[in-house]
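Take this sequence and fold it.
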Amino acid sequence: MITFKAIIIPGNRRKDGTYPVHIRVTFHGKTRRLPTTLVCYPGDVTRTLKIKNPTILNRAEALIARMRDAVKDLSMFDLEGRDVDWVVSHIKDTLTKETFHLDFFQWSEGYLQCKTPSTRRAYTTALNTLERFLGRRELDINSISRSLLLEFMEKVDSEPVMHYDGKTGKIVPSKVAKIPKGASTRHLSKLEHLFNAAKDRYNDEDAGRILIPRSPFSKITKVYPGSNGQGNLGRELMQRIISWETDNQVMRTALDAFIVSFGLMGANMADLYNARPVKGTWVYNRQKTAPRRADKAEMRVDIPEQLHPFLERLQGTGGWWLNNLRGFACTKDNATARVNKTLRKWCEDNGVEVFTFYAARHTWASLARKEGIDKSTIDDCLGHRGSYQAADIYAEKAWELMQEANRKVLELFTW
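Numbering: from 1, shown residues only. This next block holds a predicted model:
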């Protein structure tokens, strides 16, 4: 039997003359004393240090009632072989769960501080969308439920695309079509990652301390909206892009940038945009992953002869390798947006399903796989690290295999 009693410990008087109140827990003849926030003044206790103040006694009894509730469902089987320390630990964990609160927005913002700017932007967009749905920027993490998430998804999939209005300083609907069905899944995946990161931080399964018990995201069927213009274009369409001729300088620059990205093993816009003039082999560190990689995400790409005409057009004059690409906008992000806008126009003019600049990377990887190039080599060519096995961490990259893979892919086309 587990018993509780509010007590004053003899000789435990503080310098200010008060006595702290403890709850004595007894089990199998052994006792432990749990501290509380209650205190007694000299007039609240008898000469033998018994609590006589009714208000303090009532507050102590209320606390004891919560402790009794924490153990009331424990059966004899649950208590078999347990000692008083286990009982005290169980009570503490139960009471902690009752009082544990974590604001999801505050936790997420703090967690994202150590992430790269591009990663923070993606997750912040999801958090801002959740804020619009709730109408406030506060949400207790343990109040996130399946029903709330389903309502959130329905709302996102029914609203128009949102954008920042510089004149009003607010996020407002844009005058374009609604988001494709299932687009809310992208936001949900970001929120799920933040939720699971909080569980990893605050839950301790080994100690049996589960402060965030729910897993509402796992109960939702996610509907992905497709490649969103980032998927594999296929050999036929890629050949059409390579062979396309136009006098429109803006269109020419966008297509050239797309082809160069493809021919350099799916190089990202950020790396192309900031590249200095190079001949022979382009050695660089991928900006997207360098901050979180021990090898600084180093890449080496032999400049294929097939790309020379496209590179010459993009270089123009100036101190950067692809000066005309930099002329698209003042930042790499603006350059990506403008290239994508121009590619969308090309797709509309030619009756092709819309694709984005990132499709060059996916197309290269898909064609390389079809050519029988092994997955680990493709991962190296894309700057990935596979599943982070020991071999991935310690082995040198097989640069020659990577260059040979790129040659195989480019030889599929007529240049």
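
Look at Glu151 and report its pLDDT.
The per-residue pLDDT reported for Glu151 equals 90.

Could you report the neighbour count for it?
Counted with other C-beta atoms under 10 Å, the neighbours of Glu151 add up to 12. Every residue, glycine included, has its C-beta placed from N, CA and C.

next one: the one 4 residues further on
Here the neighbour count serves as a burial measure; for Lys155 (other C-beta under 10 Å) it reads 14.

Relative to Leu367, how far out is it?
39 Å (C-beta to C-beta, to the nearest Å).

and if you look at Phe133?
Applying C-beta to C-beta to Phe133 and Leu367 gives a distance of 41 Å.

higher neighbour count, the two?
Leu367 (21 against 18).

check contacts around the more buried one.
Leu367 makes contact with Asn232, Arg235, Met238, Val409, Leu412, according to C-beta atoms under 8 Å, 6 or more residues apart in numbering.

Give me the buried subset of those.
Asn232, Met238, Val409 (16 or more other C-beta atoms under 10 Å).

Make CSV from those residues and add pLDDT and distance to His308 to it.
Converted to CSV, the buried ones among the contacts of Leu367 look like this (pLDDT from 0 to 100; distance: C-beta to C-beta, whole Å):
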residue, pLDDT, distance to His308
Asn232, 84, 26
Met238, 94, 18
Val409, 94, 17
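
Which helix or which strand is home to Phe152?
Taking DSSP states H and E as the criterion, Phe152 maps to helix 146-158.

With only the CA atoms kept, save that helix in CSV.
Output in CSV follows, covering the C-alpha atoms of helix 146-158 (Å, rounded to 0.1, in the frame of the first residue of the first chain):
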residue,chain,number,x,y,z
ARG,A,146,-5.4,14.2,-36.4
SER,A,147,-8.7,16.1,-36.8
LEU,A,148,-6.8,19.5,-36.6
LEU,A,149,-4.3,18.4,-39.2
LEU,A,150,-7.0,17.1,-41.6
GLU,A,151,-8.8,20.5,-41.3
PHE,A,152,-5.5,22.2,-42.0
MET,A,153,-4.9,20.2,-45.2
GLU,A,154,-8.4,20.8,-46.5
LYS,A,155,-8.0,24.6,-45.9
VAL,A,156,-4.6,24.7,-47.7
ASP,A,157,-5.8,22.7,-50.6
SER,A,158,-8.7,25.0,-51.1
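
on that earlier part again, point out the ones among the buried ones among the contacts of Leu367 that are inside strands.
Using DSSP state E, no member of those falls in strands.

Among those residues, which are located in helices?
Those of the buried ones among the contacts of Leu367 mapping onto helices are Met238, Val409, per DSSP state H.

hmm, back to that, buried set for the helix holding Phe152?
Leu149, Leu150, Phe152, Met153, Val156, Asp157.

same thing with stretch 31-41?
Arg32, Thr36, Leu38, Cys40.

And those residues, which is closest to Gly351?
Nearest to Gly351 out of the buried residues of stretch 31-41 is Thr36 (C-beta to C-beta; 74.9 Å).

what about the closest one, which helix or strand?
strand 30-40.

average pLDDT across that strand?
90.

Could you do stretch 292-299 as well?
Average pLDDT, stretch 292-299: 79.

what's next to that stretch, contact-wise?
Against stretch 292-299 from outside (C-beta under 8 Å, 6+ apart): 116, 265, 267, 271, 282-286, 288-290, 383, 385, 393, 397.

out of those residues, which is most surrounded?
Going by other C-beta under 10 Å, Met265 tops those with 27 neighbours.

so is Met67 in a helix, a strand, or just coil?
helix (DSSP: H, G, I helix; E, B strand; the rest coil).

wait, what's in contact with it?
Phe4, Ile23, Val25, Ile91, Leu95.

gap between the residue nearest to the third one when sequence neighbours are not counted and Ser75?
The shortest distance from Val25 to any residue that is not its chain neighbour, by C-beta to C-beta, 6 or more residues apart in numbering, is 5.0 Å, and that residue is Arg32. Relative to Ser75, Arg32 is positioned 21 Å away (criterion: C-beta to C-beta).
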